[in-house]
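Asker: dropping the sequence and predicted coords here.
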Amino acid sequence: MELLRFQNVSKDYGHRPVLDDVTFRLGAGDKAGLIGANGAGKTTILRLLLGQEKPSGGVITRASGLRLGYVPQYVEVEPGATIIGVVLADHTRAAAALRETEQRLAVADAAAIEQATRSYDEALAGYERAGGDLLPARAEAMLDAFGLGGRGDQPVEQLSGGERNVLSLAQALLAEPDLLVLDEPGNHLDFAGLAWLERFLSQFRGAVLMVSHNRYLLDRVAGRILHLHDGTVDAYAGNYSAYRAESLRQKLAQRADYVANQKRLDQLEELVRRFREIAQRTADPAWGKRLRARKSQLERERAQAVEKPAAEAAPLHLSLSRDTSKAEVALQVRGYTKAFGERTLFSDASMDIRIGQRVAIIGPNGCGKTTFLRDVLARGSWDDDVIRVGPSLRVGYCAQEQDVLDDHRTVLGQILVEPNMTRERAFAVLARFMFGANDLDKRVGDLSGGERNRLQLARLSIQQPDFLILDEPTNHLDIPACEAIEDALADFTGTLLLVSHDRYLLDKAADHVVEVIDGRFEPFTGNFSEYWSTRQAAPAATKVRVATRRSARERPRTGGSPSSAASQLQTRIEAAEREREALEKRVSEAFTQGDHREGSRASHLLEQQQRRIEELYRRWLAEDGG
């Protein structure tokens, strides 16, 4: 069943065209990812889809009675709004309208009774569409399922960014949507939250359209990729990795066709040149005829020539130092403790990073990762007893909150304060980071999040540090820019300390992982995928420890060793996790090879396996709790 169709849709803002001849469709149960560079028009497509704007041309067709759920990138609420108030906002308005019409109907005289009855019927229908009498109870149950149970009266402004995302998702799902539209749904979520979101969206029975720069999320959820570029949309079957493989194959094929076609045109041009020389030397009219025929052929083939493949313009050019320090220690932490009031983030924590190591620090939101990085910058030195930074190291910092920038300076002024910087060199540097002539006089405080991150990276390219400390460097950046950063970090020979939720970046950039657990640093040798696989495949160790901590918060624990039943369940969980890994690999290989039928079949098995694992964990927690 077709839910939505864009047919030759265009959109102009004044004289500026944004979309041109966009065509795609979404069917029941589709899971699609919408990708494209920042500014390509993804937000415009969402506004058109949601009916917030009208197209300049073309047709948008929605299925009759289509129910839409929308999760915006930024959740904005009225000051003082509570969790339950936000979730029940539409229901509350519908209930108020119904009460008003009931009161008018109760006092209506004979002349007004017919109009009052119609108004009441319309308000009642609206109230039923908003969920009716059952919605408040459903809302409470959903908040409980999403980890917000019992907090209905809490002001939304007290929630973290990830909790706001979850709240917005709960609000959208209450409408029981046929199509769930999400704008950067992974923002502000830690790895556990992202894993939960991946499972939820994969198992959601309705259709999904998500705008996302999170390539791992697209790989795990999407069955189709809609690539928006140059005002139009190309549709690809499969997940993000399948899209990249097919896109590359098409570019290589077009390049080969173009080269062959250019060779053919060169041969024809040479033939025309030789025929012209012969025709000029001889009086034989046959050579003139042959020349005219070849010229006509050359003109035809030029008109039908294979178009030159458009080079993928590098969104930014980040060049980092390739010098290697002769020191041995980049960072040494001993007895690090950090607390805010009664809340302790770190307690006697220690870690070591050698020169040339590439370390990712991971942990749940709020565990103190950014606080630790700031302390390394603020107090780290070879003479500090707690945080020792290797002598003579040039430290470069990219801040998540981008507070290393001066909001009162212009873009150009921010670069000119760097040592030995000239205006000419500043222009060249900013151009490599996608800042045009019209951007140079913009106030830094007026820049978007993506622009501010690009400006931070421009500063790093000037400073050429040999110890990089990066806190969410790909935030607000589109996929091509993220890939440019990955390539630059792959060539970087210095020391790297990285905090990020971008799994692609972590896998490419880091070869060691340090997890923040219970206020301490726990090291792991390997990239993030190796760490995550080990954690997922070892419920008796890492996963069980995490589950046990959660269980301890929820209810008292009894002493003693695990029961025999719990031990048997642990064994079954380990086997089930291994089977899930095999299914994930099967899904990835199928879509990469273009076997979408096998990919869909394996995806279905993977969803069933995930449900079995979750049930095993539920039973294990019950047994292990005594």
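Answerer: Cool, the structure landed. Small disclaimer: the values here were computed from a predicted structure and weren't measured. Numbering: from 1, shown residues only.
Asker: which element is E424 on?
Answerer: helix 423-432 (DSSP states H and E).
Asker: could you measure Q52 against K11, distance?
Answerer: 12 Å (CB to CB, to the nearest Å). Where you see a C-beta, it was placed from the backbone N, CA and C, and this is true even at glycine.
Asker: right, I mislabeled it, should have said D385
Answerer: For D385, the distance to K11 - CB to CB - is 60 Å.
Asker: same thing with R459?
Answerer: Taken as CB to CB, the span from R459 to K11 is 36 Å.
Asker: for I225, give me the backbone phi and psi.
Answerer: phi -120, psi 130 (degrees, to the nearest 10).
Asker: find the nearest non-adjacent residue to it, please.
Answerer: Y243 (3.9 Å; CB to CB, 6 or more residues apart in numbering).
Asker: before we move on, what about R164?
Answerer: That would be V75: by CB to CB, 6+ apart, it lies 4.3 Å from R164.
Asker: now A339
Answerer: A339 sits nearest to L345 (CB to CB, 6+ apart), 6.5 Å away.
Asker: and the one you found, that one's in a strand?
Answerer: Yes: under DSSP: H, G, I helix; E, B strand; the rest coil, L345 sits within a strand.
Asker: hmm, back to that, can you say which helix or strand has the residue nearest to I225 in it?
Answerer: Going by DSSP H and E, Y243 is in helix 240-281.
Asker: dump the residue contacts of L373.
Answerer: Counting by CB atoms under 8 Å, 6 or more residues apart in numbering, L373 touches I361, Y397, I469, D471, L497, V499.
Asker: farthest-apart pair in these, please.
Answerer: The span of the contacts of L373, defined through CB to CB, is set by I361 and Y397 at 14.0 Å.
Asker: so between these two, which is more surrounded?
Answerer: I361 (24 against 20; other CB atoms under 10 Å).
Asker: so the more buried one sits against G368, correct?
Answerer: No: I361 is beyond contact range of G368, at 9.7 Å (criterion: CB atoms under 8 Å).
Asker: intersection of neighbour lists for these two?
Answerer: Contacts common to I361 and G368, judged by CB under 8 Å, 6+ apart, are V516.
Asker: ok so, going back, looking at Q52 and K11, which one has more neighbours?
Answerer: Each of Q52 and K11 has its neighbours counted (other CB under 10 Å); K11 has more, 22 against 10.
Asker: relative to the helix or strand that that one is a member of, what are the paired strands and their orientations?
Answerer: Per DSSP H and E, K11 falls inside strand 2-13. Using DSSP bridges, the strands paired with strand 2-13 are strand 16-27 (antiparallel), strand 57-62 (antiparallel).
Asker: quick one: which of those strands is nearest S392?
Answerer: Using CB to CB, these put strand 16-27 closest to S392, at 50.4 Å.
Asker: can you tell me the SS state at Q297?
Answerer: helix.
Asker: leaving out sequence neighbours, find the closest residue to it.
Answerer: L268 (6.5 Å).
Asker: so who does that neighbour touch?
Answerer: Contact analysis of L268 by CB under 8 Å, 6+ apart lists R294, Q297, L298, E301.
Asker: likewise T92?
Answerer: T92 sits in contact with G85, where contact means CB under 8 Å, 6+ apart.
Asker: mind listing the strands for the stretch 401-550 of the chain?
Answerer: Remark: strands assigned in the stretch 401-550 of the chain by DSSP state E, counting those that start in this stretch are 467-471, 495-499, 512-517, 520-525.
Asker: before we move on, back to that, how about the strand holding K11 as CSV, C-alpha atoms only?
Answerer: Extracted as CSV, the C-alpha positions of strand 2-13 are listed here (Å, rounded to 0.1, in the frame of the first residue of the first chain):
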residue,chain,number,x,y,z
GLU,A,2,1.4,3.4,-1.0
LEU,A,3,1.3,5.9,1.9
LEU,A,4,3.0,8.9,0.3
ARG,A,5,4.2,10.0,-3.2
PHE,A,6,6.3,13.0,-4.3
GLN,A,7,5.8,13.5,-8.1
ASN,A,8,8.0,16.0,-9.9
VAL,A,9,7.9,18.3,-6.8
SER,A,10,9.8,21.6,-6.9
LYS,A,11,10.2,24.3,-4.3
ASP,A,12,11.5,27.8,-4.7
TYR,A,13,12.0,30.5,-2.1
